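Student: can't give you the sequence, but here's the structure:
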């Protein structure tokens, strides 16, 4: 990026390329199940309205989707082989670097480890090693700066009902309280009214 108006066009072109990367990734992953599955997977990606929308914006979502798909494919074929799970961890780490919730992919390793009792240490250790191998610079920085490895600036916003609530709390003391405890203390089960009472100063 050069700090000029041309940066916008470059960013849009790169996002479009990540859309093409997602289509190629879907074809590659689908090919393992034969030509028909490859066509099905590739068509899903190429004809998806969501993919088309994100391909003409500036966002990391399509890169995240491609990396997520590669990680899920690696997990599905991992078995009990250490290198396969290290590869899965690396894809998950790259997905996390692309978009801050990619680390939830590690739950797949935990599920697989639960199903492979004799190989739990191999699956979990290899996945963690692969993840750390690609994600360590941001993990280290987050610990140094924020005190937690998976810090993300937007993680508090998932506990807000809408943009109006966000606007009311972003510069208030409530911002520091946001989290599961705050949400459930201010929302009754089954309450879909997005209550203003959740915003207490």
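Tutor: Noted; the coordinates are in hand. All values derive from a computational prediction rather than experimental measurement.

Student: where exactly do the helices run in this protein?
Tutor: 6-31, 35-47, 49-55, 61-76, 82-98, 106-115, 120-146, 163-169, 174-177, 180-186 (DSSP state H).

Student: okay if I get the ones you listed as CSV plus mean pLDDT and mean neighbour count?
Tutor: Backbone N, C-alpha and C define where each C-beta goes, glycine included. Listed next are these as CSV, based on pLDDT from 0 to 100; neighbours: other Cβ atoms under 10 Å:
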stretch, mean pLDDT, mean neighbour count
helix 6-31, 92, 16
helix 35-47, 91, 15
helix 49-55, 91, 15
helix 61-76, 93, 22
helix 82-98, 93, 23
helix 106-115, 85, 16
helix 120-146, 92, 17
helix 163-169, 80, 14
helix 174-177, 82, 14
helix 180-186, 82, 13
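
Student: got those as CSV, with distance to residue 156 columns?
Tutor: CSV is the format used below for the helices of the chain (distance: least, Cβ to Cβ, whole Å):
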stretch, distance to residue 156
helix 6-31, 26
helix 35-47, 32
helix 49-55, 24
helix 61-76, 20
helix 82-98, 18
helix 106-115, 21
helix 120-146, 12
helix 163-169, 9
helix 174-177, 7
helix 180-186, 9
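
Student: out of those, nearest to residue 157?
Tutor: Comparing the helices of the chain by their distance to residue 157 (Cβ to Cβ), the top pick is helix 163-169, with 6.2 Å.
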